[in-house]
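Asks: build me a model:
(4 chains)
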Number of protein chains: 2
Amino acid sequence: MTIPAHTTPSPIASNVTSLAEHRLLHEEVIDHLRDLIVTGELLPEAKLNERVLAERLGTSRTPLREAIKFLASEGLVELVPNRGAVVAPLKPEKMREVFVVLGALEALAGEQACRNASEADIADIRALHYHMLAHHARGELAQYFRYNQLIHQSILDCAGNATLVQTWRGLNAHVKRARYMANLSRERWDKAVKEHEDMLDALTRRDGTKLQALLRDHLANKLALVMEALGSGAVAEGAR
Amino acid sequence: MTIPAHTTPSPIASNVTSLAEHRLLHEEVIDHLRDLIVTGELLPEAKLNERVLAERLGTSRTPLREAIKFLASEGLVELVPNRGAVVAPLKPEKMREVFVVLGALEALAGEQACRNASEADIADIRALHYHMLAHHARGELAQYFRYNQLIHQSILDCAGNATLVQTWRGLNAHVKRARYMANLSRERWDKAVKEHEDMLDALTRRDGTKLQALLRDHLANKLALVMEALGSGAVAEGAR
DNA sequence: AATGTGCATTTTGCATACAAAAATGGGTTG
DNA sequence: CAACCCATTTTTGTATGCAAAATGCACATT
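Replies: Predicted coordinates:
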C-alpha cells in the first residue's frame, strides 16, 4: 500500500535541485499523481474522478486539475472533453513507439557521454553498476531497477544536454510504468546485466559508436520484454 | 495586432483531427497562449500576469492556469513558485540542446520514412516541396516557412510513430519561436533550399542513411542560423 | 426481451472568493 | 543620499460555488 520512492534523489547528477522550502501544492500533486500512474496504482484507462482523487491526495480539485493538465502534456493521462481524464492506456503499439524514440535518445546520449563524461563521472557510473550487480546477485528486483534507472539516467546526464534529459525523462515514465507490470525472467535478467557490462566497457573505452549500438540493442531487448508481458495479458496485473 | 494563423491546417497528414464540436476553453487557451509565445508576441522572460492574460484571452484565471501548467510541461513557460510563470528564456545553450535532440529525432524519422512512406506520401511531400520552391522564388518568407514546416512534419508523419511526432512537435515549438526572431540572409536561405532538394532526392531513392545524414546537417545549419541571430543581440526583437 | 425516453444524480468545466505570499512605495534613520 | 523597515497593494495559490454536460436508471414502447 505504501508508495515506492520514485522521486530519484539521484546520488550523482543533481542538476535541477533548488526549491528547498515548502513545495507548492500542485507540484506535490503532479509528482504524487505521476507516481500513482507509474507504479500502476492507478491502472491504465482508469478514470480520474476529480472529487475522489482530490480527496485521496488531500487537496481541492483546482491543484489536481492543474496537475492533470501537466501530466496530459507528458502523455501519462489523456484528456477527454467533458469527460475528464483517464490514465493513458498502455498499448503495445505505443510501447513500440516509445522504445524506438528512447533508443534514438539514449544512443545520442551514449555517443555524447563518451565525449563529455569526466573520469569521475564514469567512476560514479561504475559504482552504480556494481551496486546493481550486487542487487542482481541477491535477486533484489526493486533495488536492481533503481540502480538500473540511475545508470541510464547518469549516462543521459553525462551527455550534458538538459533538454535531452527532460525529453528522455518524459518518455521513460511510460517505460517505468510498463516495467511495473512485466515480470522479469531470470534468463532475461541475466542478459540485461550482461548488456550493462558491455555498455560500461564501451563507455570506459569511450567508444561512442559501440555504446550507441549497445544502447539501441539494450532498448530493443527491453521492448521485447515489455511486449511479452503486454501480449500475455499481464497488462492489468499492476497493483494491489 | 492580429495573430498569425499557426494552427497548421496541414493539407496532408491530418492525423489528430476529431473534435468537430465546440472545443473546450482551456484547450483553446493552450493553443492561443502557445501561439503568442511561439510568434514572439509574448517575449522570452516575459512575466505571465494571470489577471491581465486572462482578460486578454477572454477567460477567467482557472483555464489560463491550466493552460500554463500544460505549456510548462512542454517547456515553453517556466513556473516560479509563488511568483507565477514566465515565458521560457531563449538561451543559446538551450537552442543548441534542442537542435541536437531534434537532429536525432529527425534523423530517426528520415530513416523510418524511407522504409515506410508510400509513393503517394512521397508525391505529397514533393508537391509541398514545389510549393516551397515557389514561395522561395517569390521571396515570400512566411509562406516559405509554412511549407518548410509542413515538409518536415510530413517526413515525421511518414515514420509512422505518433510518439515521435509528438515529441518532435514539443521541441519544434522552441525552434519556431527562434525562427520568428532570426532574420534569414538570402545566402543561407538558398542553401537551406538546396538542402531540401537533396533531402527530397534521398527520400525518393529511399536512401535512409543518406537522408539521415542530410537531416542532421540541415538541422545543424538551422542551429548556426539561430545562433547568429541570438548572438547578435537580435533576441529581443521579436514582436510589435 | 430489447430498445428508447425522460428525469435525477453525478461530474466536469469555468468563474469567483478568499488567504497567503510577494511586490510596491513612502517615510524614517543612519 | 542610501539603506532599511513597515504598511499597503498586487498577485499568486487554493478552495468553493454554480451551470452545463454526461451518466445512470426507472419506466414506457415496440
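
Asks: state the number of residues packed around the closest residue to DNA strand C within chain A.
Replies: Going by Cβ to the nearest atom of the strand, DNA strand C is nearest to residue A:84 of chain A, at 3.1 Å. C-beta here means a position set from N, CA and C on the backbone, and glycine is covered the same way. A count of neighbours around residue A:84, defined by other Cβ atoms under 10 Å in any protein chain shown, yields 16.

Asks: same check on residue A:181?
Replies: When neighbours are counted by other Cβ under 10 Å, residue A:181 comes out with 19.

Asks: so for it, what's the pLDDT?
Replies: pLDDT recorded at residue A:181 is 76.

Asks: ok, the residue of chain A closest to DNA strand C touching residue A:52?
Replies: No. Assessed by Cβ atoms under 8 Å, residue A:84 is found out of contact with residue A:52, at 11.0 Å.

Asks: ok, the residue of chain A most remote from its centre to residue B:71 distance?
Replies: For chain A, the largest distance from the centre (Cα atoms, centre = their mean) belongs to residue A:82, which lies 30.5 Å off. From residue A:82 across to residue B:71, the span is 22 Å (Cβ to Cβ, to the nearest Å).

Asks: and residue A:67, by the same measure?
Replies: For residue A:67, the distance to residue B:71 - Cβ to Cβ - is 14 Å.

Asks: try residue A:113
Replies: 30 Å.

Asks: so what touches stretch A:207-226?
Replies: Contacts of stretch A:207-226 with the rest of the structure, by Cβ atoms under 8 Å, 6 or more residues apart in numbering or on different chains, involve A:95-96, A:99, A:102-103, A:106-115, A:155, A:175, A:178-179, A:182, A:184, A:188, A:191-192, A:195-196, A:198-199, A:202-203.

Asks: spatially nearest residue to the residue farthest from the centre of chain A (excluding sequence neighbours)?
Replies: residue B:24 (7.3 Å; Cβ to Cβ, 6 or more residues apart in numbering or on different chains).

Asks: was I right to think that neighbour contacts residue A:81?
Replies: Yes. Here residue B:24 reaches residue A:81: they are 5.1 Å apart, a contact under Cβ under 8 Å.

Asks: ok, the residue of chain A found nearest DNA strand D - how many residues close by?
Replies: Closest residue of chain A to DNA strand D, Cβ to the nearest atom of the strand: residue A:25 (2.4 Å). The number of residues packed near residue A:25 is 17, by other Cβ under 10 Å.

Asks: same check, this time on residue A:142
Replies: 9.

Asks: do the same with residue A:120
Replies: Residue A:120, neighbours per other Cβ under 10 Å, totals 9.

Asks: show the contacting residues for it.
Replies: Counting by Cβ under 8 Å, 6+ apart, residue A:120 has no contacts.

Asks: element containing it?
Replies: helix A:119-137 (DSSP states H and E).

Asks: if we can go back for a sec, pLDDT at the residue of chain A closest to DNA strand C, what is it?
Replies: pLDDT at residue A:84 comes out at 95.

Asks: which ones are touching it?
Replies: By Cβ under 8 Å, 6+ apart, the neighbours of residue A:84 are A:47, A:48, A:49, A:50.

Asks: so residue A:82 makes contact with residue B:26?
Replies: No. At 11.9 Å, residue A:82 and residue B:26 do not qualify as touching, with contact defined as Cβ under 8 Å.

Asks: could I get the full set of strands for chain A?
Replies: Applying DSSP state E to chain A gives strands spanning A:47-48, A:77-79, A:85-87.

Asks: got those strands as a markdown table, with mean neighbour count columns?
Replies: Formatted as a markdown table, those follow (neighbours: other Cβ atoms under 10 Å in any protein chain shown):
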| stretch | mean neighbour count |
| --- | --- |
| strand A:47-48 | 18 |
| strand A:77-79 | 19 |
| strand A:85-87 | 20 |
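
Asks: low pLDDT regions in chain A?
Replies: Counting by pLDDT under 70, chain A shows low-confidence ranges at A:1-22, A:232-240.

Asks: flag every residue of chain A that's near DNA strand C.
Replies: A:47-51, A:61-62, A:65, A:79-85 (Cβ under 7 Å from any atom of the strand).

Asks: number of residues surrounding residue A:219?
Replies: 23.

Asks: residue A:202 touches residue A:111, doesn't it?
Replies: No. The pair residue A:202 and residue A:111 fails to qualify as a contact (Cβ under 8 Å) at a distance of 10.5 Å.

Asks: distance between the helix holding residue A:120 and the chain's centre?
Replies: Centre-to-centre, helix A:119-137 and its host chain are 18 Å apart (Cα atoms, centre = their mean, to the nearest Å).

Asks: what ranges do the helices span in chain A?
Replies: A:25-38, A:50-57, A:61-74, A:92-116, A:119-137, A:141-158, A:162-179, A:186-204, A:208-231 (DSSP state H).

Asks: ok, the longest one near chain B or not?
Replies: In this case it means helix A:92-116. Yes. Helix A:92-116 reaches chain B (Cβ under 8 Å from any Cβ of the partner chain) through A:94, A:97, A:98, A:100, A:101, A:104, A:105, A:107, A:108, A:112.

Asks: as JSON lines, these with distance to residue A:161 and neighbour count would be great.
Replies: Formatted as JSON lines, the residues of helix A:92-116 next to chain B follow (distance: Cβ to Cβ, whole Å; neighbours: other Cβ atoms under 10 Å in any protein chain shown):
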{"residue": "A:94", "distance to residue A:161": "25", "neighbour count": "19"}
{"residue": "A:97", "distance to residue A:161": "22", "neighbour count": "22"}
{"residue": "A:98", "distance to residue A:161": "19", "neighbour count": "26"}
{"residue": "A:100", "distance to residue A:161": "19", "neighbour count": "21"}
{"residue": "A:101", "distance to residue A:161": "15", "neighbour count": "27"}
{"residue": "A:104", "distance to residue A:161": "13", "neighbour count": "25"}
{"residue": "A:105", "distance to residue A:161": "10", "neighbour count": "26"}
{"residue": "A:107", "distance to residue A:161": "13", "neighbour count": "23"}
{"residue": "A:108", "distance to residue A:161": "8", "neighbour count": "25"}
{"residue": "A:112", "distance to residue A:161": "7", "neighbour count": "22"}
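
Asks: for those residues, give me a markdown table that also has distance to residue A:149.
Replies: As requested, the residues of helix A:92-116 next to chain B are exported to a markdown table (distance: Cβ to Cβ, whole Å):
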| residue | distance to residue A:149 |
| --- | --- |
| A:94 | 20 |
| A:97 | 20 |
| A:98 | 15 |
| A:100 | 20 |
| A:101 | 18 |
| A:104 | 19 |
| A:105 | 15 |
| A:107 | 18 |
| A:108 | 18 |
| A:112 | 19 |
